[in-house]
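Asker: Sequence plus predicted model, see below.
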Amino acid sequence: MKTVFVTVGTTSFDDLIEGVTCPETVQALKARGYERLVLQAGRGSILPAADSCPHVRLEAYRFKDSIADDIQQADLVISHAGAGSCLEALGAGKPLLVVVNDKLMNNHQLEMARQLHMDSHLLYCTCSTLTETLRTMDLSVLQPFLPGQPKNFANFLDKALGVQ
């Protein structure tokens, strides 16, 4: 069963949870063959019920000790733009769609997502473009992110954040 795992990390990102469970987005996922949607909803005020998305099998929780198993079982990871969540998904070799929270001030997450996208490691969008991105995305263009290279990652962060 093709699975999408959605994570907001330890934050609150209700717009992402609402966006990924709206009928248009669920239909876009179904059109791509995804049948199961697992949501890690964090501190948000929304925790969708299992029967709230009738066309996919929905599972939702707030937190777990580790999301590694959910990432491993996923065919696609949709994540907020937190560095930890992104690196965990990329390190597991999973296709990653990052949804940037454009309501945040001084949004360093956008720079990180943009740089990882320019390096072909992930796709990114905002909540308002999520459904269209899911309809049109081409996951075949993504390149593996090679883990275990702290110097390269430090250089990448410097470049992404404009320090270099």
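Answerer: Right, received. Where do you want to start? Numbering: from 1, shown residues only.
Asker: Surely Q40 touches A68?
Answerer: No. Contact criterion Cβ atoms under 8 Å: Q40 and A68 do not qualify, at 11.7 Å. Yep, even glycine has a C-beta here, placed from its N, CA and C like the rest.
Asker: out of these two, which sits in the more crowded spot?
Answerer: Neighbour count, other Cβ atoms under 10 Å: between Q40 and A68, Q40 has more, with 23 against 12.
Asker: partners of that one in the sheet?
Answerer: T7, Y61 (DSSP bridges).
Asker: who touches it in this structure?
Answerer: F5, V6, T7, V8, G9, A60, Y61, R62, F63, K64, I67, D70 (Cβ atoms under 8 Å, 6 or more residues apart in numbering).
Asker: Which of those residues are buried? Put it as a ChimeraX command.
Answerer: Per 16 or more other Cβ atoms under 10 Å, the buried members of the contacts of Q40 correspond to this ChimeraX selection:
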select :5,6,7,8,9,60,67,70
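Asker: How is E18 assigned, secondary-structure-wise?
Answerer: With DSSP: H, G, I helix; E, B strand; the rest coil as the basis, E18 sits in helix.
Asker: Not counting sequence-adjacent ones, nearest residue to it?
Answerer: I46 (6.2 Å; Cβ to Cβ, 6 or more residues apart in numbering).
Asker: For the one you found, give its distance to V6.
Answerer: From I46 across to V6, the span is 12 Å (Cβ to Cβ, to the nearest Å).
Asker: Low-confidence regions, this structure specifically.
Answerer: Within the chain, the segments meeting pLDDT under 70 span 105-107, 147-157, 160-164.
Asker: Recalculate using a threshold of 80.
Answerer: Applying pLDDT under 80 to the chain picks out residues 104-109, 146-164.
Asker: which residue ranges form the strands in it?
Answerer: In the chain, the strands defined using DSSP state E lie at 3-7, 36-40, 57-61, 76-79, 96-100, 123-126.
Asker: Switch those strands over to CSV; also include distance to D51.
Answerer: Formatted as CSV, the strands of the chain follow (distance: least, Cβ to Cβ, whole Å):
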stretch, distance to D51
strand 3-7, 18
strand 36-40, 13
strand 57-61, 8
strand 76-79, 21
strand 96-100, 24
strand 123-126, 27
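Asker: Go through these and name the closest to L29.
Answerer: strand 3-7 (6.0 Å; Cβ to Cβ).
Asker: what sits up against the closest one?
Answerer: 16-17, 20, 29, 34-40, 42, 67, 70-71, 73-80, 85, 89.
Asker: got it, and stretch 45-64?
Answerer: Outside stretch 45-64, the residues that touch it by Cβ under 8 Å, 6+ apart are 1, 10, 12, 14, 17-18, 21, 26-27, 29-30, 34-43, 70.
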